[in-house]
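Q: Here is my input, please return the structure:
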Amino acid sequence: MTIAAMDKELANRFSFQPIDPLVFPPDVPVPPPPPPSPTSTHFRIRFLGGISAAAGLAGDVLFLQILDATNNLAEVYAYFGGGLGLSVPKLPVLSSTLAGPFRDFLALKPVPVGIFAVPAHWTSGGGGPFTLNILQIFFIAGLASGVQMFVDTGFSVGLGASSTFGFMVPQTPPNPLQAPESRVGHSSNHSR
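A: Residues are numbered from 1 along each chain as shown. Sure thing, here's the model as predicted:
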């Protein structure tokens, strides 16, 4: 009885104010997910330019373009790495390297061109127009060993050798390559 009397008293003191119904926005259609990127096993890579420093410790900032040769989609990556290196003369040397031609490489199974944003290892030695460069990228298509390839460069200002570990960072989304490079490397590299 006490509770009923209190309810009656409260109802008399505070008149009922209906609450406006909640207004929900109209249903907005959810856009479909973007189509998956096309995949390929046939790729090409070229060196666009870069700067290296070596004096016991070494550092690389390199720009590479990877082309999905099947779908004509190219993506630019920057490689940032640090490690060990020697240079001639034995002073801190900052060297720059010019662009080189495309070289073929293959993946063991079809992958998109955007999959190469992974840890990587760059080994380089030589100088002037004579350098040997090996890029190994890891964890491609679930393979721990990834893909190992030779990369041709243009003229290198400086002489030395270095080995660095770093990461491939995408700089552009995949885009159609406007004018495919006609000079393709004579040998293909296969994923291991």
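
Q: Send me stretch 152-170 as CSV with only the CA atoms.
A: This file holds the C-alpha atoms of stretch 152-170, laid out as CSV (Å, rounded to 0.1, in the frame of the first residue of the first chain):
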residue,chain,number,x,y,z
ASP,A,152,70.2,-4.3,-62.2
THR,A,153,71.1,-0.7,-61.4
GLY,A,154,72.6,2.1,-63.4
PHE,A,155,75.8,4.0,-62.6
SER,A,156,76.8,4.1,-58.9
VAL,A,157,78.8,7.0,-57.7
GLY,A,158,81.1,5.4,-55.1
LEU,A,159,82.7,2.0,-54.6
GLY,A,160,81.9,-0.5,-51.8
ALA,A,161,79.9,-3.4,-50.5
SER,A,162,77.1,-3.6,-48.0
SER,A,163,74.4,-5.9,-46.6
THR,A,164,71.3,-4.4,-44.9
PHE,A,165,68.1,-5.6,-43.5
GLY,A,166,65.0,-3.5,-43.7
PHE,A,167,61.4,-3.2,-45.0
MET,A,168,59.7,-2.5,-48.3
VAL,A,169,57.3,0.4,-47.9
PRO,A,170,54.7,1.1,-50.7
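
Q: tally of neighbours for Met6?
A: Met6 has 10 neighbouring residues, counting by other CB atoms under 10 Å. Where you see a C-beta, it was placed from the backbone N, CA and C, and this is true even at glycine.

Q: Tell me which other helices or strands the helix or strand hosting it touches.
A: Using DSSP states H and E, Met6 maps to helix 2-13. Judged by 3 or more CB pairs under 8 Å, 6 or more residues apart in numbering; DSSP states H and E, helix 2-13 is in contact with no other helix or strand.
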